[in-house]
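J.: coords please:
(3 chains)
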Amino acid sequence: MHVRSSAVLVTGLVIATLLSACGGSGDEEVPSAGPSTVRLLAHDSFVVSEDLVAQLLDDTGVTLEIVSGSDAGTMVAGAVLAAGNPTADVMFGVDNTLVSRALEADVFKPYTSPELDWVLPALRDDTSAGMVTPIDYGDVCINVADSVLADAGVPAPTTLDDLVDPTYRDMLVVEDPGTSSPGLAFMLATIARYGDGWQEYWAALRDNGVSVAASWTDAYFGEFAGGGDGDRALVVSYATSPPAEIVYAEDPKPEAPSTSSMTDGCYRQVEYAGVLAGAANPTGAQQVIDWLLSESVQADVPLSMFVFPAREGTPLPQVFTDFAGSVDDALQLPPDEVAANLSTWLTDWGTVMGR
Amino acid sequence: MSAPRLAIGGLSLGYDGEVFLRGIDLTVDAGEIVAILGPSGSGKSTLLSTIAGVVPEVEGTITVDGRDVTHAPIHERGVGLIFQEPLLFPHLDVGRNVAYGLRRHGVGRTEAGRRSVELLTWLGLPGYESGRINELSGGQAQRVALARALAPRPAVLGLDEPFSALDTELRQRLAVEVAAMIRESGVAALHVTHDPREAETVADRVIELSALGH
Amino acid sequence: MSSTPVWLRWTWVVPAAFLTVFLVYPLVVLVATVTSGAGVSLIDPLLAPTIWQVTALATVQALVSTALAVVVGLPLANVVSRYRFRGRAVAQALVTVPFVLPTVVVALAFRSLLGSGVPQGFVLVVLAHAYVNLAVVARIVGAQWAQHSGDYESVARTLGASRWRAFVDVTLPSLRSAIASSAAVVFVFSFTSLGIVLLLGDPTTRTLESQILRQTSVLLDFPGAAATALVQLVIVTAVLLGGAVAARRSPARRLQPVGLRPLPSRLGARTAVLLTAIAAFVIVLAPVAALVAASLRGGSGWTLSWWASLGSIDAGTTRLGSPLQAVLTSLGYAGLTAAVAAVIGGLAAIAVIAPGRARAVGLLALVPLGVSAATLGLGILLAFGRPPWDLRATGLLIPIAHSLVAVPLVVAVVAPGLRSTDTRLMSVASTLGAHATRAFWTAYGPVLRVVIVGSAALAGAVSLGEFGAATFLGRAAGPTVPVQIVRLLGRPGEQSLGVAAALAVVLVLLTLVLVLIVDRLGATPSTRRSGTA
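T.: Prediction:
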């Protein structure tokens, strides 16, 4: 039996080798166009204008190949497991809740981009000792369906404290922090705001009729009155959801969105890029990070991904300046504190919410 | 004697909206075997299916033991069927196959078992009751099918080319045996075949299907 | 068994090699990576109560889902695969549609349909699971039922059995192998369900698969995820083996290729058949109708602009190509998957009926159903997503992953049909002097052809609707339709919802067309024939 199964294994390996010989070899040895190809591992939300990819090729000779890594959490999980022999050269989209897990696993190789000098002062030092480079940031905020509240004759809430007020009973829908990235950010916001009292806050939310959806899609389109057929007036979403609502509206576009964001109690998510340790093309990977921080890509970021550019002085589109929530004092937790406590927090949250 | 066990009046044969024979009149007495002769595809099988209620009648009346069963459901007609294939239930043993009809007529399990043993013995298959049906030869299987059909004492038995899947020698021997059993049981039998020799061997009367109606 | 062709003993080699390379090897790589750290224990997570609580919850949920799918699926299988009526082919294809809809789409459709009438939780999850898995029951059982002439039932009826009694006593036992196979598959799908339990569930509907995802992607607790995945694999394998054993014990019934029968002429029976067919249409189409409505509804009333923007939305960015391009991508993958799954799965199914060890391989082909999708995705990524064997550029990884999902289905569909074919047919053929191989084809050929073509359709359909592997192993430039839909639903705005709905409708239509074509190809001359006289 041993002989037989190892024979099967050998057969399999031969087939696999043949397969890889047929198609896979081109990538490393014979870069098809230009002097080098760089593989960029990015989560599903990553998007950039094709012109800019062409410009990258023109300026540096780098051909960009984007490799999809599912959602950010799954992508980082894959990167951690593949640490040292990565599936790409550079990774974009690891955020401040996940970055310390990636650092622990030695996923990255240090790189300090010359473009870093142009990054907003608040983010400039946020590089985990030169391992990662901040590219963009966004704020997870409570979004409000204004007309629904107006019809009910209720003023929009302005602080996290308001949400436990009976005025807003049965009005809020949040996402499960165990299955949703904005849901997790909102939970972290409450921990950052209330410290040890965060569980009491959630108990109060629960008693005030908060609904928990599994995903942002389900919450926003399924339960939120401002997104689809739902009847809830408040949802955990992004500060940039109102401008996105305009951009992705039917023509002719409405003059103003039907939703707005509450600017208190927002949690700031920073997205980083980093050169992967063991990358086949580390030089090209560095060039891609420089490119991600370049003026033109940074200017493209708001309308492509609905996040704010990290580069200081990048002009924002008008729909952003008009309608995106402008958050002055976003909440944040240190990444290593998040990494150390996340499992416990999620369990505690589940206990409080009966989930 | 008394009234015929099976009486058919003005019956039309049809399938899927198409009528191919009208105005069939026919009576069969107790213990009598009537052979219906006709080429394949002429509607012989449909005649049996119609009498049994498997194919709903187009028009006419069917009377069994003086009771009008024209609109009765299949299981309340007292008409049994034997097909070319024995169609024994593969998940039941021989005895349970034979006992099936008895159980459906409210006979208790023990009693049904006892009677099926009797029937099997009578048909020359003593001790076969706990055998598996896939261990039977073709002739044995068809005999079990006969035992199963006769067990609940139907008034009428339709036999649809029952021996055509068997080889010639066995076919003739079985035909004679079965005919004797049928007469003894007192059922009114309609035997459908395309083979004139077989019809002559088993039947008291032979009728061409085409002569039955128009 | 002297009449068994020699090659029959070796059919297991191909599926075995395929499974070894693309299933076993990636899992070995993954487990080796996870356990390479110091002090890693797979035992500790197994001692935590959570894993067993979730197992119990998921078992109950999956049992109820399976029962409902079988109870609703049986009448569907009966009507759709046995009776001749106008629109039958479309009805049969329609039943397959729910199976391939991305779960996020099913969830949204259920939500907009049932609204607040059915609260999120156990009931909604069970309804959704039954809805999605109707095709499994209707197709697998239907394939077998279609070969029943109804003679056995007639015999039982003439022996005094009522219609219902004949169904219970005769029909059900003869469908046992198909019911057991399909029930095992539905149980496994419900037990390992992810999307639906996340989107429509509550704490009582957690599954091991949702635990694995949380452990992998949120907590990055790989040993914990590995332990959970192991428990799931063991349970699922046990269920599938149980299903296979139950199916094999099923006695052979004499099967003939029978034509479709006309509708019963008795009014009551005819009405019952037609009502079942109509119910099938309503059940399947109601959520689809909700999608169609969503694809035509804008902020200010009805609109065609979402459909108009199918070819242009997000043009000029790296994100999408266009939704229409995704359709081509998906079709390509579906074609490859159908071919691979039909070959590998068909050979594995033949192995199931072959003597000796080959049968074990056929049963092992069912195992991928139990491997957590997240686990398998990571494993394939580690094994074939980086040097020395980087297969991503070949575009083969997605069809391979889809085939791993589809092959067990194909085996589940093909094997019962083969198993219930009377082996005496083969003996008869060989006593008449047919060469062993020809005897095999005489006995099994017609059945084999029908079920393999049907399986290819099912596999293609699986590929069309699959989301997890496609997002994981794909390249950003070539997303499939489900990936597109999910991406669109991941951002605000009525356009996102509208175009996603339009794309979902396209997916439904694609599936319908695919299944219709394949059904037509797979129909034997006798099933095309109008009827039996």
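
J.: Report the separation between the nearest residue to B:Gly131 once chain neighbours are set aside and C:Arg176.
T.: Spatial nearest neighbour of B:Gly131, excluding adjacent residues (Cβ to Cβ, 6 or more residues apart in numbering or on different chains): B:Val94 at 4.7 Å. C-betas here are computed from N, CA, C, even on glycine. From B:Val94 over to C:Arg176 the distance is 20 Å, taken as Cβ to Cβ, to the nearest Å.

J.: go on, C:Ala351?
T.: On the measure of Cβ to Cβ, C:Ala351 and C:Arg176 end up 22 Å apart.

J.: more crowded one of the two?
T.: Comparing C:Ala351 with C:Arg176 by other Cβ atoms under 10 Å in any protein chain shown, the one with more neighbours is C:Ala351, at 30 against 19.

J.: So that one: helix, strand or coil?
T.: Here C:Ala351 is helix, with the state taken from DSSP: H, G, I helix; E, B strand; the rest coil.

J.: any idea how far it is from C:Ala436?
T.: Counting by Cβ to Cβ, the gap from C:Ala351 to C:Ala436 is 17 Å.

J.: now C:Leu101
T.: Distance of C:Leu101 to C:Ala436, given as Cβ to Cβ: 44 Å.

J.: Check B:Asn97 too.
T.: 33 Å.

J.: Comparing those two, which residue is more hemmed in?
T.: Just comparing B:Asn97 and C:Ala436: by other Cβ under 10 Å the higher neighbour count belongs to B:Asn97, 27 against 16.

J.: Where does the prediction get shaky in the chain?
T.: Using chain A here. Counting by pLDDT under 70, chain A has low-confidence residues at A:1-35, A:355.

J.: Can you look at chain B instead?
T.: Within chain B, the ranges that satisfy pLDDT under 70 run B:1-2, B:16-17, B:57-58.

J.: just the helices in it please.
T.: B:44-52, B:94-104, B:109-122, B:138-150, B:168-185, B:196-202 (DSSP state H).

J.: Can you tell me the number of residues neighbouring whichever residue of chain B sits closest to chain A?
T.: Nearest to chain A in chain B, going by Cβ to the nearest Cβ, is B:Asn134, at a distance of 33.5 Å. By other Cβ under 10 Å, 13 other residues sit near B:Asn134.

J.: now A:Met171: how far from B:Asp25?
T.: Distance of A:Met171 to B:Asp25, given as Cβ to Cβ: 81 Å.

J.: Oh, that last question was meant for A:Gly228, not what I typed.
T.: 71 Å.

J.: same check, this time on C:Thr442
T.: For C:Thr442 relative to B:Asp25 (Cβ to Cβ), the value is 45 Å.

J.: next one: A:Leu64
T.: 89 Å.

J.: neighbour count winner among those two?
T.: Comparing A:Leu64 with B:Asp25 by neighbour count (other Cβ under 10 Å), the higher total belongs to A:Leu64, at 22 against 12.

J.: tell me the secondary structure for the more buried one?
T.: Under three-state DSSP, A:Leu64 falls in the strand class.

J.: Count the residues that sit near whichever residue of the stretch 301-450 of chain C sits closest to chain A.
T.: Among all residues of the stretch 301-450 of chain C, C:Thr394 sits closest to chain A, at 3.1 Å; criterion: Cβ to the nearest Cβ. Neighbours of C:Thr394 under the rule other Cβ under 10 Å: 17.

J.: With C:Ser295 instead?
T.: Using other Cβ under 10 Å, C:Ser295 has 22 other residues around it.

J.: which other helices and strands contact the helix or strand hosting it?
T.: Assessed by DSSP states H and E, C:Ser295 sits inside helix C:267-296. Contacts defined by 3 or more Cβ pairs under 8 Å, 6 or more residues apart in numbering or on different chains; DSSP states H and E place helix C:267-296 against helix C:49-82, helix C:88-100, helix C:103-114, helix C:122-145, helix C:305-308, helix C:494-522.

J.: Just the buried positions in that helix, please.
T.: Neighbour-count burial for helix C:267-296 flags C:272-273, C:276-277, C:280, C:283-284, C:287-288, C:290-291, C:294-296 (criterion: 16 or more other Cβ atoms under 10 Å in any protein chain shown).

J.: need the residues you listed in CSV with pLDDT, can you?
T.: Below are those laid out as CSV (pLDDT from 0 to 100):
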residue, pLDDT
C:Ala272, 79
C:Val273, 78
C:Thr276, 80
C:Ala277, 78
C:Ala280, 76
C:Ile283, 79
C:Val284, 80
C:Pro287, 84
C:Val288, 85
C:Ala290, 85
C:Leu291, 85
C:Ala294, 84
C:Ser295, 87
C:Leu296, 89
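
J.: out of these, who's nearest C:His148?
T.: Using Cβ to Cβ, the shortest approach to C:His148 within the buried residues of helix C:267-296 belongs to C:Val273, at 15.3 Å.

J.: Contacts only, for the closest one.
T.: C:Val273 makes contact with C:79, C:83, C:85, C:263-264, according to Cβ atoms under 8 Å, 6 or more residues apart in numbering or on different chains.

J.: Any of these buried? List them.
T.: C:79, C:83, C:263-264.

J.: ok, so of those, who is nearest chain B?
T.: Nearest to chain B among the buried ones among the contacts of C:Val273: C:Pro264, at 7.6 Å, using Cβ to the nearest Cβ.

J.: which residues touch that closest one?
T.: Taking Cβ under 8 Å, 6+ apart as the test, what C:Pro264 contacts is B:56, C:270, C:273.

J.: Count the residues that sit near the nearest residue to B:Arg183 once chain neighbours are set aside.
T.: Using Cβ to Cβ, 6+ apart and skipping the chain neighbours, the partner closest in space to B:Arg183 is B:Gly31 (4.7 Å). Neighbours of B:Gly31 under the rule other Cβ under 10 Å: 16.

J.: Can you show me the helices along the stretch 251-355 of chain A?
T.: For the stretch 251-355 of chain A, the helices defined by DSSP state H, counting those that start in this stretch occupy A:282-292, A:295-305, A:318-323, A:335-353.

J.: looking at those, which is buried most?
T.: Most buried of the helices of the stretch 251-355 of chain A, by mean neighbour count (mean count of other Cβ atoms under 10 Å in any protein chain shown): helix A:282-292, with a mean of 22.

J.: Give me the pLDDT for the residue lying closest to C:Leu68 once chain neighbours are set aside.
T.: Of all residues not flanking C:Leu68 in the chain, C:Ala130 sits nearest, at 4.0 Å (Cβ to Cβ, 6+ apart). As predicted, C:Ala130 sits at a pLDDT of 93.

J.: didn't C:Ala130 look like it was pressed against C:Leu63?
T.: No: between C:Ala130 and C:Leu63 there is no contact under Cβ atoms under 8 Å: 11.9 Å.

J.: more neighbours, these two?
T.: When neighbours are counted by other Cβ under 10 Å, C:Ala130 comes out ahead of the other of C:Ala130 and C:Leu63, with 24 against 15.

J.: which ones are touching that one?
T.: Contacts of C:Ala130 were listed using Cβ under 8 Å, 6+ apart, and they are C:65, C:68-69, C:72.

J.: Same check on A:Tyr201?
T.: If you count contacts by Cβ under 8 Å, 6+ apart, A:Tyr201 has them with A:160, A:164, A:190, A:193-194.

J.: quick revisit: what about the residue nearest to B:Gly131, how many residues close to it?
T.: Close neighbours of B:Val94, defined as other Cβ under 10 Å, add up to 25.
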